[in-house]
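# No sequence on hand, only this structure:
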């Protein structure tokens with residue numbers, strides 16, 4: 001976010017105000033010495049309901065996955081199946097991911113403070129990043145263990161392996177269904193947890209196929225092959241989740257927003273002569289923010305320009321948290337020009 005310049009005594013003060021609605025409580029605009037700030041926090045009923053649904057889904061899925069993970073570890077050891085053990089390893093990362101995501105959502109509700117003025121919402125992105133790294137580590141371990149078994153095939157208790165894999169499939173389908181009730185399209189944490197479970201579900205399918213091949217054809221290599229397929233799926237999930245979380249942590253522009261388009265539309269507002277220092281980033285996966293400088297011809301038009309700019313950004317791009325500075329052509333701004 002761009003820092004602003006010190007204000008001279010000769011600069012005029014601009015005040016803009018607007019009413020507060022029931023569902024969308026907005027802070028009043030305070031434009032001090034050509035500064036206009038619009039902060040719109042949309043914490044309506046729908047957002048609150050979605051957040052609670054996401055939190056409940058994460059909690060249920062966590063207990064379900066964690067409980068079966070213990071069963072699968074024991075089963076993998078007893079049957080000597082790498083496919084089951086690798087799936088258990090993935091389920092361990094699932095349980096850790098879901099637990100961490102749940103904690104992140106609870107922490108995200110904590111109020112902002114003097115030292116953390118945005119609160120703890122960014123923690124959910126950090127949790128998603130850690131989930132991605134955990135998936136990479138798990139997948140690399142599975143690859144290593146599978147290659148060991150290619151050189152030294154081992155006897156596997158196929159009937160027990162099949163039974164546990166089928167139960168695992170049912171558990172994962174149930175967990176995926178629970179998470180689908182959450183907001184998998186917008187919330188990065190729910191999406192990362194959902195990807196974990198989908199990868200694990202496919203892992204269970206692989207274990208079932210491997211168990212059947214061993215049972216009917218005695219093909220013991222099916223076990224490490226199935227585990228490698230699981231590892232590839234895990235790696236794909238890891239890449240996606242890590243990429244998206246790093247993009248947010250690096251203050252990247254949300255993928256569905258084009259800064260050139262916003263700049264062009266803001267420049268088209270009457271009495272706006274130019275736009276610079278435009279920044280769009282995300283605090284968390286579902287909370288975009290924007291700041292920019294608008295060069296205007298006359299401070300007398302400031303109130304109307306602020307109103308038009310605020311409505312354009314909110315209605316066209318769904319950005320509620322907006323900070324706008326109004327500059328006149330004679331002002332020297334030392335910020336980064338874009």
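The structure has been received and is ready for your questions. Being a predicted model, the structure only gives us computed values, none of them experimental.
# longest helix in the protein, by residue count?
helix 45-79 (DSSP state H).
# chain center to that one, what's the gap?
18 Å (Cα atoms, centre = their mean, to the nearest Å).
# Equivalent analysis for stretch 295-304, please.
38 Å.
# Quote the end-to-end distance of that stretch.
14 Å (Cα to Cα, to the nearest Å).
# got the buried residues for that stretch?
Residues of stretch 295-304 classed as buried: 295, 296, 299, 301, 302, 303 (neighbour count, 16 or more other Cβ atoms under 10 Å). To be clear about C-beta, it is placed using only N, CA and C from the backbone, and glycine gets the same treatment.
# Let me have those residues in TSV, adding distance to residue 207, secondary structure and pLDDT as columns.
Formatted as TSV, the buried residues of stretch 295-304 follow (distance: Cβ to Cβ, whole Å; DSSP: H, G, I helix; E, B strand; the rest coil; pLDDT from 0 to 100):
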residue	distance to residue 207	secondary structure	pLDDT
295	63	strand	93
296	65	strand	92
299	69	helix	86
301	68	helix	88
302	65	helix	91
303	65	helix	92
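# Of those, which is the nearest to residue 246?
residue 295 (33.7 Å; Cβ to Cβ).
# What is the subsequent helix or strand relative to the strand or helix carrying residue 305?
Here residue 305, judged by DSSP states H and E, is contained in helix 302-317. Later in the chain than helix 302-317, the nearest helix or strand by DSSP H and E is strand 321-327.
# Give the pairing partners of that next one; include direction for each.
Here strand 321-327 is paired, per DSSP bridges, with strand 35-39 (antiparallel), strand 287-296 (parallel).
# among the ones you listed, which gets the worst mean confidence?
Lowest mean pLDDT within these: strand 35-39, a mean of 46.
# mind listing the helices for the chain?
45-79, 82-108, 123-151, 158-180, 188-217, 222-249, 259-267, 302-317.
# would CSV of the ones you listed with distance to residue 324 be doable?
Shown next, in CSV, are the helices of the chain (distance: least, Cβ to Cβ, whole Å):
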stretch, distance to residue 324
helix 45-79, 24
helix 82-108, 26
helix 123-151, 25
helix 158-180, 38
helix 188-217, 27
helix 222-249, 23
helix 259-267, 9
helix 302-317, 6
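# what about the stretch 51-200 of the chain, any weak spots by pLDDT?
51, 108, 182-189 (pLDDT under 70).
# thinking again about what came up before, which elements pack onto the longest helix of the chain?
Under the contact criterion of 3 or more Cβ pairs under 8 Å, 6 or more residues apart in numbering; DSSP states H and E, helix 45-79 touches helix 82-108, helix 158-180, helix 188-217.
# okay if I get those as JSON lines plus distance to residue 288 and mean neighbour count?
Formatted as JSON lines, the helices and strands packed on helix 45-79 follow (distance: least, Cβ to Cβ, whole Å; neighbours: other Cβ atoms under 10 Å):
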{"stretch": "helix 82-108", "distance to residue 288": "16", "mean neighbour count": "25"}
{"stretch": "helix 158-180", "distance to residue 288": "23", "mean neighbour count": "20"}
{"stretch": "helix 188-217", "distance to residue 288": "13", "mean neighbour count": "24"}
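# Could you pull out the buried residues of the helix holding residue 305?
For helix 302-317, by 16+ other Cβ under 10 Å, it's 302, 303, 305, 306, 307, 308, 309, 310, 312, 313, 314, 317.
# Please apply the same query to stretch 65-79.
Neighbour-count burial for stretch 65-79 [16+ other Cβ under 10 Å]: 65, 66, 68, 69, 71, 72, 73, 75, 76, 79.
# if I look at residue 129, how far off is residue 55?
Per Cβ to Cβ, to the nearest Å, residue 129 is found 20 Å from residue 55.
# Ok, residue 239 next?
Applying Cβ to Cβ to residue 239 and residue 55 gives a distance of 27 Å.
# the more surrounded of these two?
Counted by other Cβ atoms under 10 Å, residue 239 and residue 55 do not tie: residue 55 has more neighbours, with 20 against 14.
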